[in-house]
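>>> Pasting the sequence and the predicted coordinates here, then a few questions.
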Amino acid sequence: MTQTKLRFCRLCDIIDGIPDDIGEYADRLYSLLDEDERAGKELMDERLNVCGECEKNADGTCLECGCYCIIRSFAVSKHCPVDKW
Ligand code: SF4
């Protein structure tokens, strides 16, 4: 049986804890990005549509990198760890 190695997202270190409401957490994290680093709704939607069809998506967490898919989609400089976007 193959085991997937999980890693933690380093971005999580810049804020205190993860609240129960992932939407609140996501909004806070997005607001911390420089404006020119924010992906914007259209690019985020494109990325999340790909994640939505991906076998590595476990209820919104990427099993390749350990990040929440939505949070990984935020930054222009981020990419899918297996180059799907
Ligand atoms: S970031 Fe890539 S590997 Fe991870 S769930 Fe999305 S498409 Fe799949």
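Great, that's in hand.
>>> if I read this right, residue 60 contacts residue 69, doesn't it?
Yes. Using Cβ atoms under 8 Å, residue 60 is in contact with residue 69, at 5.6 Å. C-betas here are computed from N, CA, C, even on glycine.
>>> Of the two, which one has the most company?
residue 69 (22 against 14; other Cβ atoms under 10 Å).
>>> That one - nearest residue in space that isn't next to it in sequence?
residue 51 (4.1 Å; Cβ to Cβ, 6 or more residues apart in numbering).
>>> Equivalent analysis for residue 36, please.
Closest to residue 36 by Cβ to Cβ, 6+ apart is residue 76, at 7.6 Å.
>>> quick one, what contacts that neighbour?
Contacts of residue 76 were listed using Cβ atoms under 8 Å, 6 or more residues apart in numbering, and they are 36-39, 43.
>>> does the closest residue in space to residue 65 that isn't next to it in sequence sit in a helix, a strand or a coil?
What sits nearest to residue 65 in space, not counting adjacent residues and going by Cβ to Cβ, 6+ apart, is residue 81, at 4.5 Å. Here residue 81 is coil, with the state taken from DSSP: H, G, I helix; E, B strand; the rest coil.
>>> Now the helix or strand harbouring residue 45: average pLDDT?
Here residue 45, judged by DSSP states H and E, is contained in helix 41-52. The average pLDDT within helix 41-52 is 95.
>>> Just the C-alpha atoms of it, please, in CSV.
Below are the C-alpha coordinates for helix 41-52, written out as CSV (Å, rounded to 0.1, in the frame of the first residue of the first chain):
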residue,chain,number,x,y,z
LYS,A,41,-11.3,35.6,-8.5
GLU,A,42,-11.0,34.4,-12.1
LEU,A,43,-7.6,32.7,-11.7
MET,A,44,-8.6,31.3,-8.3
ASP,A,45,-11.8,29.8,-9.9
GLU,A,46,-9.7,28.3,-12.7
ARG,A,47,-7.4,26.7,-10.2
LEU,A,48,-10.1,25.5,-7.9
ASN,A,49,-12.0,23.9,-10.8
VAL,A,50,-8.9,21.8,-11.5
CYS,A,51,-8.6,20.9,-7.9
GLY,A,52,-12.2,20.0,-7.8
